[in-house]
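[1] have a look; sequence and predicted model below, questions after that.
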Amino acid sequence: LSRLQQRPREGTAFDRVYGFHVDRGTLQQFVDSLGQKGQADDADGTAAILLGMTEMRRGRDADARTAFEQAERLRSADPIPSWYLGKALLALGESGLASEALERSLARQPERAELAEIYQLLGRIYQRGQKTEQALSVWKRFEAAFPDDERVQEQIATILIEEQQLEEALDRLTILAKNASDPFRRVKFGIDAAELKIRLGDH
């Protein structure tokens, strides 16, 4: 728990703490203790973010939202509460507020691995909301944050295919088919691009 308190994040440490309380039947007591600490002396927002993570894991998204909003106020330089708040808001169907929270998270300069996940989630929100221009802007910002990273290009292409943005996906696969460092992957991307062309009616 001490490790998780030092770095409150979803991941192995949180999984172990959550699983420990589930196995012992003390999860509600753990939640209550976090809430009590938040009301008493949670100066840095650690208890609030841990409470939000726990409530979100339990599927109590409204309670998670409240906790993450508190954590965001107390941890004004930390991108994580804003990111998790965005996920809770999305689960509640508040996609507009979710995208605003994710933008705040990006403005707080998250770490590289977290940055990629936030960009992907934000882009999906805009894609599914039929906000094509905003989505395209996010993908361009994502690419600019990871210049010459083939994995990012592939991730974006995959998301675009899933969201039925085939022409945008084709542009990226065509570039990967020409420039990928691995010859085998160049062939794979070429085949993927050809399959997209068929779906677009270009036989």
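    Structure received.
[2] tell me where this structure has strands.
    Counting by DSSP state E, no segments of the chain form strands.
[3] for it, give me the ranges with low pLDDT.
    38 (pLDDT under 70).
[4] for Y84, see how far away A48 is.
    For A48, the distance to Y84 equals 11 Å [CB to CB, to the nearest Å]. All C-beta spots, glycine's among them, are computed from the backbone N, C-alpha and C.
[5] brain fart, F189
    The gap separating F189 from Y84 is 34 Å, by CB to CB.
[6] now the common contact residues for A48 and Y84.
    Contact criterion CB atoms under 8 Å, 6 or more residues apart in numbering; residues shared by A48 and Y84: 68, 71.
[7] quick check: Q153 vs F189, distance?
    Distance of Q153 to F189, given as CB to CB: 9 Å.
[8] kindly report the same for P110.
    Distance, P110 to F189, by CB to CB: 29 Å.
[9] same thing with A91?
    Here the criterion is CB to CB. By it, A91 lies 34 Å from F189.
[10] spatially, what comes nearest to Q155 if we skip its sequence neighbours?
    With CB to CB, 6 or more residues apart in numbering as the criterion, Q155 has its nearest non-adjacent residue at 6.5 Å, and that residue is Q120.
[11] same check, this time on E167
    Among residues not flanking E167 along the chain, L200 sits closest, at 6.9 Å (CB to CB, 6+ apart).
[12] equivalent analysis for I49, please.
    Residue nearest to I49 in three dimensions, not counting chain neighbours: A71, with 4.0 Å by CB to CB, 6+ apart.
[13] report how many residues lie close to the one you found.
    Close neighbours of A71, defined as other CB atoms under 10 Å, add up to 28.
[14] now for it: which residues touch it?
    A71 makes contacts with 45, 48-49, 52, 78, 81, 84-85, as judged by CB under 8 Å, 6+ apart.
[15] P110 and F189 - which one has more neighbours?
    Counted by other CB under 10 Å, P110 and F189 do not tie: F189 has more neighbours, with 24 against 19.
[16] so that one sits against N179, correct?
    No. With contacts defined as CB atoms under 8 Å, F189 does not count as touching N179, sitting 9.2 Å away.
[17] buried sites along stretch 102-120?
    Neighbour-count burial for stretch 102-120, with 16 or more other CB atoms under 10 Å as criterion, is recorded at 102, 104-106, 108, 110, 114-116, 118-120.
[18] what's the overlap in contacts for Q153 and F189?
    Shared contacts of Q153 and F189 (CB under 8 Å, 6+ apart): L176.
[19] figure out how far stretch 77-88 is from the centre of its chain.
    Remark: stretch 77-88 is offset 9 Å from the chain centroid, using CA atoms, centre = their mean, to the nearest Å.
[20] now swap in stretch 135-142 and tell me
    That offset, for stretch 135-142, works out to 14 Å (CA atoms, centre = their mean).
[21] can you pull the contacts of L176?
    Applying CB under 8 Å, 6+ apart, we find L176 in contact with 150, 153-154, 157, 185-186, 189.
[22] and if you look at A91?
    Residues in contact with A91 (CB under 8 Å, 6+ apart) are 56, 61.
[23] please apply the same query to L1.
    L1 is in contact with V17, counting by CB under 8 Å, 6+ apart.
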